[in-house]
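Undergrad: with the sequence up front, the predicted model follows.
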Amino acid sequence: MKNTFLLLCISMLALAGCSPRINQENLMKNRSDFNSVVIRSWDEQMLLNLVRMRYRDNPMFLEIGNVISTQSSKTAGGINTSMDFNGNGGAGIGLNGERSITPTITYVPLQGEEFAKRLLTPVTPSTIFLLSQSGWSLERLMLCCVQQANSVKNAVTASGPTPEIAPSYEPFQKLVDALKILHKDRLLQIEMEKDGQSFMLYMIHSGDTKSDSAIGILKEQLGLDKSKDVFKVTAKRIASGNDEIALTGRSLLSVMFYLSQSVEVPKQHQEQGKVTVTKYEDGRTFDWNLMLGRVMRIQTAEKEPEDASVKVRYRDAWFFIADNDLTSKTTFNLLSFLFNLQAANRNGMDPVLTYPVR
């Protein structure tokens, strides 16, 4: 009986003080969960800020500094013994335990002079064309990131708080349509200059009526020399001559304001004067979807949408991007990418997850 009791005690101590080991399944699960939560949190924050800007409320960005997951465990056990009058006895051991995980998240607000400068720094032509060569649509990049090409303006008044008068955008979209045709048919070639900031743009004639017409539209719209097919693209406001294309990029803040105009606002909020209602000069209400429908649409609903890629609740209404709206989802991804490229924290404060792996 004594030997049995001693053996049970040793077993309990061994179970309570077992050597640490890495739980691979637990580690992978928490890594996946952390990834999903961070992405969803970031998307909701970005969408919320676009909605805030539509209402002329202040946007705010918080970056995750680190996540520390504290794990605690508690083990309890007991021994039951019994013995009859004949000296026969028995013993039993019982163990039970609890484990809890408590995450602690550190948020870092993005603010200050350096962050403001990054928000106000224009997207350069080199960034636009390098992104286009990496698979991003040149049409989408031009519409979102370019304020003006030579004398052709791209809804300049939409790059700030919602304007009262409808912006001019049709000539620029006509220009982008021509670029889209040439880019799709690979009739545009781009070579970076040694300064890394300017490009040489080659327009290639294929003999096809549609593509040659697109080249003609580009040259006419931009005021280029019709006898030339090679043009320098620079980050200027005014071109030096008719053999140059001066691109004025939007700042990241301007890109966000531009895309915030795609937020559909509940009718009662418009009637209550909570947002600016943009109109034509003759008094007709301007539909922002006419200009932005090809890049972004943020819908609104009274009830929580079931099939949304990202959604937020603000001012007693739901705002969302539909999961089957691939155009809006792509533009939203581009905005997140531009934010990380232009304005993300550059002090090494990347999200860090500290998690016990026992």
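TA: Perfect, I can see it now.
Undergrad: can you list the domain ranges for the protein.
TA: Per automatic domain parsing, the structural domains of the chain span 2-18+26-110, 122-332.
Undergrad: ranking those domains by mean pLDDT, which is last?
TA: Lowest mean pLDDT of these: domain 2-18+26-110, a mean of 66.
Undergrad: element containing V310?
TA: strand 308-314 (DSSP states H and E).
Undergrad: ok, then the element right after that strand?
TA: Strand 308-314 is succeeded, C-terminally, by strand 317-322 (DSSP H and E).
Undergrad: with only the CA atoms kept, save that following strand in PDB.
TA: Below are the C-alpha coordinates for strand 317-322, written out as PDB (Å, rounded to 0.1, in the frame of the first residue of the first chain):
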ATOM      1  CA  ALA A 317     -25.900  53.600 -40.200                       C
ATOM      2  CA  TRP A 318     -23.800  50.800 -41.700                       C
ATOM      3  CA  PHE A 319     -21.200  51.500 -44.400                       C
ATOM      4  CA  PHE A 320     -19.700  48.700 -46.400                       C
ATOM      5  CA  ILE A 321     -18.000  47.400 -49.500                       C
ATOM      6  CA  ALA A 322     -19.900  44.400 -51.000                       C
END
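Undergrad: by how many degrees do that strand and strand 308-314 diverge?
TA: 160 degrees (axes from the mean of the first three to the mean of the last three Cα atoms, to 10 degrees).
Undergrad: one step back: so what are the sheet partners of the strand holding V310 and their directions?
TA: strand 317-322 (antiparallel) (DSSP bridges).
Undergrad: just the helices from the stretch 101-250 of the chain, written as ranges.
TA: 113-120, 125-133, 138-145, 170-184, 209-222 (DSSP state H, counting those that start in this stretch).
Undergrad: er, the stretch 251-358 of the chain I mean
TA: Using DSSP H, counting those that start in this stretch, helices in the stretch 251-358 of the chain cover 252-260, 267-271, 289-292, 326-342.
Undergrad: list the contacts of the last one.
TA: This means helix 326-342. 42-43, 46-47, 118-119, 121, 123, 127, 136-137, 140-141, 144-145, 252, 255-256, 259, 262, 294-298, 309-310, 321-323 (Cβ atoms under 8 Å, 6 or more residues apart in numbering). From N, CA and C alone the C-beta is placed, and that goes for glycine too.
Undergrad: which of the residues you listed are buried?
TA: With neighbours counted by 16 or more other Cβ atoms under 10 Å, the contacts of helix 326-342 contain buried members at 42-43, 46-47, 118-119, 123, 127, 136-137, 140-141, 144-145, 252, 255-256, 259, 262, 294-298, 309-310, 321-322.
Undergrad: and stretch 113-130, how far out from the chain middle?
TA: 16 Å (Cα atoms, centre = their mean, to the nearest Å).
Undergrad: ok, which stretches of this structure are strands?
TA: 62-83, 89-109, 146-149, 152-153, 188-192, 199-203, 230-234, 244-249, 299-301, 308-314, 317-322, 352-354 (DSSP state E).
Undergrad: quick one: stretch 232-247 to chain centroid distance?
TA: Distance, centroid of stretch 232-247 to centroid of chain: 31 Å (Cα atoms, centre = their mean).
Undergrad: end-to-end on it?
TA: 10 Å (Cα to Cα, to the nearest Å).
Undergrad: quick one: contacts of it?
TA: Taking Cβ under 8 Å, 6+ apart as the rule, stretch 232-247 contacts 122, 124-126, 128-129, 146, 148-150, 190, 193, 197-201, 222-225, 228, 230-231, 248-249.
Undergrad: of those residues, just the buried ones, PyMOL syntax please.
TA: The buried residues among those can be selected in PyMOL (16+ other Cβ under 10 Å) with this line:
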select buried, resi 122+124+125+126+128+129+146+148+149+150+190+198+199+201+222+224+231+248+249
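Undergrad: before we move on, back to that, just give me how far the strand holding V310 sits from the chain centre.
TA: 14 Å.
Undergrad: cool, stretch 207-219 as well?
TA: 35 Å.
Undergrad: same check on stretch 160-167?
TA: 24 Å.
Undergrad: what about dumping the CA coordinates of that stretch to PDB?
TA: Provided in PDB are the C-alpha atoms of stretch 160-167 (Å, rounded to 0.1, in the frame of the first residue of the first chain):
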ATOM      1  CA  GLY A 160     -10.300  67.800 -50.400                       C
ATOM      2  CA  PRO A 161     -13.600  68.100 -48.400                       C
ATOM      3  CA  THR A 162     -16.700  67.500 -50.600                       C
ATOM      4  CA  PRO A 163     -17.100  70.400 -52.900                       C
ATOM      5  CA  GLU A 164     -20.500  72.200 -53.400                       C
ATOM      6  CA  ILE A 165     -20.100  72.400 -57.200                       C
ATOM      7  CA  ALA A 166     -19.500  69.300 -59.400                       C
ATOM      8  CA  PRO A 167     -15.900  68.800 -60.400                       C
END
